[in-house]
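Student: here is the input, now give the coordinates:
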Amino acid sequence: MRESRPSPTAWSQELLPASQSEKWSFRSSHRGRNFLVGLVGGALILGGVLPCRGQSAARVHLLPREQSQAVRKDNPREKPSELEKEQGAEEKKGEAFLLVQEVLEEPERIADPPQRLRIRIQAADLLWALEERAGRSLFERLMGEIAPLEVRVERDKERASIEARRALFRELLHRVVRRDARFAGRLIERFEGEAERSTSGLTREALYQEMLGILWDASLAGETSRDVSLFADMVSRALSPGHGIPSVASLLLTSAATSSPDVGDALFRVVFSRFATVPEDSALAVLGAYLGRRFRAADSLAPLEQEARAIFARALARAESLWQQARANPAIALRRETRSFIRSLGSDYLPLFQKFEDPPRVALLTLYAQALAHALPVEQRPARPWSEAEGTVEEQIQEIEREPSARMRDRRLRELALKSPADQARKVAEKISNLKMRETTVEEVKVRQVMDQVARRQLEDAQRTAETLSDFGLRSRAFIEIARAFLKTGQEEPGRTLLEKAYQEALRAARTARRAECLFEIAGLYAPLDSARAFHVLMDASKAAGEAKPEESVTARDEAFGGILYEPGKLSLLYRPDVDHITLPSELALLAREDFYRMRSVSWSIRSPVLRSRFLLILAQWLVEEATREHKDD
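Tutor: This is a model prediction of the structure:
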């Protein structure tokens, strides 16, 4: 029986420009050929449900591009004509457009709203590369959808809801900033009134702070230009009257002091101009930190001579005021901003005073800084070196063993094991009396040792340590990291050997999402080496994702273990994702270049709508890059 085909949704029809919809349509639906393309096209329209058009699935017709490629394999001297190049570029662009459309329709099957929006945000980024106007329009729509989003949380509902929305805004802004930073700013400007109230406290200033950090990171990575006026505008918008200077603005200032002084000086002047509207201690601490980095090695304060002198006078006056308060009341309670300012007196202002101020003023600031340092909490005062404060590992073990409480003794031994050198850590861990805590601590010590050995390029030692891990999933993950290190240095043979070991350990591991993720990463590492092997592992990964069972979660401060569990990324006892949170390696795009339609068949085998969407995004990204590259070449 033939399946009925629903018409595309209204929003998906908007994606294809009217003038090009005929050009980009799949021709097999009305010409009776190019069946495989028609099959994909039907899947796109139905969002993954394969159509039945009365044609045999066993008959596969090649696309014109594939036919010409097959001919050229037999006739290597024959080069594609200009017309073939142009047709190939248009065909890839059409396929990319339809695949992006499918990715946008796929999230309708995703139950979790944040996950659904996150997929659509990534698809909107690809759509922008194909049709900028449509991409902008979709980003505007998504910005409006995040604010009223309903987030399912179990406890601390309001805070968790704000953080979930903030993460989505961060994801959206991160992608828009790379495309058009000023457009991202205009999106935030519209975030007001009902939208701002529905987020229960997430303000426009908070979004400007997010954008400021994203903009700086993008400029450091070379993804955007360092537009001084744009940075100054964002800092001005991120400052909220009556509130302290945001940490992102402080970090940006101190970073720009050495890497981009022109940007830093402009931002310094913005904060300086807003001095009266923010808490004095916060402004003095941030501006002092900037001046300390900017001029510590300089011979003059130019081009900020006037502003710097004014800040020096304010800092000295504020230090004197605090010193008098501390003398009158030694138990004075200090706010966070005030503690930051006091610390900056010795670390930032005093070196500057010694270089650019008169001796009497230097003496005064020295007096105030030393006296106020004693008003700080003990843990924030200058500390002695660790070895002097705590002694050797052997001395600490002896001191811990005098602890009368077995529970406290085990907790202290665990803490000592996790911070001791690798050659002594296992010896400390073996002294823990609680069996579960001892086994967990020993495993964590081994994990840390593997990571340290990989970082130091001691890869053979890391392999031997990884082989002693008791969990097959952790062992597979360790072999993956070691193999990755081998391959990065061009050592293909030992890298492939480790990949095979990682594969075998993953097959022996429990049926969890961790196991599936390991297999996906092994396939990604194989992709540039051996596509046939990569496809084989990829099919195993898809099957493993479908078989995955939930794992019992472990909290970071589990009292049964006596403290924070060691957490070095994915190679960790804490890392226990579900299938929807599996990350896919970008190297899988190399397999799309090798056999795109085989990759499409893999996507149909993935059950999780979220994971399938991520997989389709990788394919779409490859198609978009190929289409845009060929258009540039033309």
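Student: got a pLDDT number for the closest residue to Pro609 other than its chain neighbours?
Tutor: Using C-beta to C-beta, 6 or more residues apart in numbering and skipping residues adjacent in sequence, the residue nearest Pro609 is Arg109, 4.1 Å away. Backbone N, C-alpha and C define where each C-beta goes, glycine included. For Arg109, the pLDDT comes out at 83.
Student: what's around Arg109, how many residues?
Tutor: When neighbours are counted by other C-beta atoms under 10 Å, Arg109 registers 14.
Student: distance-wise, check it relative to Ser603.
Tutor: Plainly put, Arg109 is 13 Å away from Ser603 if you go by C-beta to C-beta, to the nearest Å.
Student: check Lys501 too.
Tutor: Lys501 is 28 Å from Ser603, by C-beta to C-beta.
Student: I'd say Gly495 and Leu487 touch.
Tutor: Yes: at 4.0 Å, Gly495 and Leu487 qualify as touching, with contact defined as C-beta atoms under 8 Å.
Student: more neighbours: the two, which one.
Tutor: Gly495 (21 against 18).
Student: how about the contacts made by the residue minimising distance to the centre of the chain?
Tutor: For the chain, Glu171 is the residue whose C-alpha lies nearest the centre (C-alpha atoms, centre = their mean; 9.1 Å). By C-beta atoms under 8 Å, 6 or more residues apart in numbering, the contact list for Glu171 reads Arg118, Ile121.
Student: let's have the chain start at 849 instead
Tutor: In the new count, where the first residue is 849, that last one comes out as Glu1019.
Student: is it in a helix, a strand, or coil?
Tutor: Under DSSP: H, G, I helix; E, B strand; the rest coil, Glu1019 falls in the helix class.
Student: can I get the CA coordinates of the strand or helix carrying Val1450 in PDB?
Tutor: Val1450 is located in helix 1444-1453, with elements delineated by DSSP states H and E. Only the C-alpha atoms of helix 1444-1453 are listed here, as PDB (Å, rounded to 0.1, in the frame of the first residue of the first chain):
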ATOM      1  CA  PHE A1444      27.500  10.200   1.300                       C
ATOM      2  CA  TYR A1445      24.600   7.900   0.800                       C
ATOM      3  CA  ARG A1446      26.000   5.200   2.900                       C
ATOM      4  CA  MET A1447      26.200   7.800   5.700                       C
ATOM      5  CA  ARG A1448      22.600   8.600   5.100                       C
ATOM      6  CA  SER A1449      21.700   4.900   5.600                       C
ATOM      7  CA  VAL A1450      23.600   5.000   8.900                       C
ATOM      8  CA  SER A1451      21.500   8.000  10.000                       C
ATOM      9  CA  TRP A1452      18.300   6.000   9.400                       C
ATOM     10  CA  SER A1453      19.600   3.300  11.800                       C
END
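Student: now do that helix: which elements does it pack against?
Tutor: In terms of contacts (3 or more C-beta pairs under 8 Å, 6 or more residues apart in numbering; DSSP states H and E), helix 1444-1453 is packed against helix 883-894, helix 1379-1395, helix 1437-1442, helix 1457-1481.
Student: 6 Å - rerun?
Tutor: Under the contact criterion of 3 or more C-beta pairs under 6 Å, 6 or more residues apart in numbering; DSSP states H and E, the helices and strands touching helix 1444-1453 comprise helix 1379-1395, helix 1457-1481.
Student: now do that helix, average pLDDT.
Tutor: The average pLDDT within helix 1444-1453 is 92.
Student: give me the contacts around it.
Tutor: Leu884, Leu1386, Ser1390, Leu1439, Ala1440, Arg1460, Phe1463, Leu1464, Leu1467 (C-beta atoms under 6 Å, 6 or more residues apart in numbering).
Student: got the angle between it and helix 1379-1395?
Tutor: For helix 1444-1453 against helix 1379-1395, the angle by axes from the mean of the first three to the mean of the last three C-alpha atoms, to 10 degrees is 10 degrees.
Student: pLDDT of stretch 1069-1078, averaged?
Tutor: So the average pLDDT for stretch 1069-1078 ends up being 83.
Student: same thing with stretch 1321-1329?
Tutor: Rounded mean pLDDT across stretch 1321-1329 is 95.
Student: low-scoring pLDDT stretches of the stretch 999-1148 of the chain, where are they?
Tutor: Within the stretch 999-1148 of the chain, the stretches with pLDDT under 70 are 999-1009, 1040-1049.
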